[in-house]
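Trainee: Starting from these lines, generate the structure:
(one chain, ligands or ions: 2)
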Amino acid sequence: MADSLPPAAPDADPAWIASHPRIQRVPSRDLVLFIQRHFLSAKECAGLIERIDAHRRPSTIADANGDGYFRTSETCDLDASDPLVARIDAKLAAFAGIDPAHGEPIQGQRYSVGQEFKAHTDYFEPKGPDFERFCAVSGNRTWTLMVYLNEPAAGGATRFVKIGKTVQPETGKLLAWNNRLGPGAYNPASIHHGMKVRSGVKHVITKWYRERPWG
Ligand SMILES: O=C(O)CCC(=O)C(=O)O
Ligand SMILES: [Fe+2]
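Mentor: Ligands and ions are numbered 1, 2, ... in the order given. Down below sits the predicted model:
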């Protein structure tokens, strides 16, 4: 049915996301943040974990701040030509209603005990030293979609420090938030902390969309 096709726009429409079945919007005046449990199946999550574990490398950060322990996790660029990855990529774009051309490749993140990603924003600071390098072609990050692939035995929550919201990892649970307030205006209330895993291992995927097509 033509009217069930998702939009494929340069930016997401929060009102459209809010109309999804089973969607929760976190009450906040300062940040548009949605949660959808069971966005991915346990089988899809297991397939992604297998790929992340096979191809992981130490995570890096833009705008290095001198803290060698700021982001201690491992990262993996998932292969967009892998049929599972491609299917999940299409599902993420359909959820957001964003043109898939605006998406960075999906990344996997893996945290073992004691690893974390300290409080940060996903957008690049327009006055930061790495802005040109990361944003000249595709512009800044607009929306973040993140899916927990498993539940560590303890720790590993995501804390949105400015709005006072902590989200617990749960297999298949999606988070989606808007990093911007409007064109060229970035939202400092999107700052979040991937907290230390205390027991077990935590895996997530992150999908970032850009102001212009990725290239
Ligand atoms: O692992 C988390 O809970 C947060 C991950 C994150 O913020 C990121 O990869 O940008
Ligand atoms: Fe982040």
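
Trainee: Write out the residues of the protein neighbouring ligand 1.
Mentor: Counting by C-beta under 6 Å from any ligand atom, the residues of the chain close to ligand 1 are 109, 117, 122, 158, 192, 194, 204, 206. C-beta here means a position set from N, CA and C on the backbone, and glycine is covered the same way.

Trainee: For Ala64, state which of the residues you listed is nearest.
Mentor: Distances from Ala64 to these, taken as C-beta to C-beta, are shortest for Phe117 (13.9 Å).

Trainee: So for that closest one, what's the nearest residue that isn't a sequence neighbour?
Mentor: Gly194 (3.7 Å; C-beta to C-beta, 6 or more residues apart in numbering).

Trainee: Could you double-check that the one you found sits in contact with Ser73?
Mentor: Yes - the pair Gly194 and Ser73 passes the contact test of C-beta atoms under 8 Å, sitting 7.2 Å apart.

Trainee: out of those two, which sits in the busier spot?
Mentor: Each of Gly194 and Ser73 has its neighbours counted (other C-beta atoms under 10 Å); Gly194 has more, 25 against 20.

Trainee: ok, now which ones touch the more buried one?
Mentor: Residues in contact with Gly194, defined by C-beta atoms under 8 Å, 6 or more residues apart in numbering, are 73, 109, 111, 116-117, 156, 158, 204.

Trainee: Among those residues, which ones are in helices?
Mentor: Among the contacts of Gly194, none falls in helices (DSSP state H).

Trainee: Quickly list what's touching both of Gly194 and Ser73.
Mentor: Common contacts of Gly194 and Ser73 (C-beta under 8 Å, 6+ apart): 109, 111, 116-117.

Trainee: Mind telling me what element Leu48 is part of?
Mentor: helix 42-55 (DSSP states H and E).

Trainee: picking up where we left off before, now list the buried members of the shared contacts of Gly194 and Ser73.
Mentor: By neighbour count, with 16 or more other C-beta atoms under 10 Å, the shared contacts of Gly194 and Ser73 hold 109, 111, 116-117 as buried.
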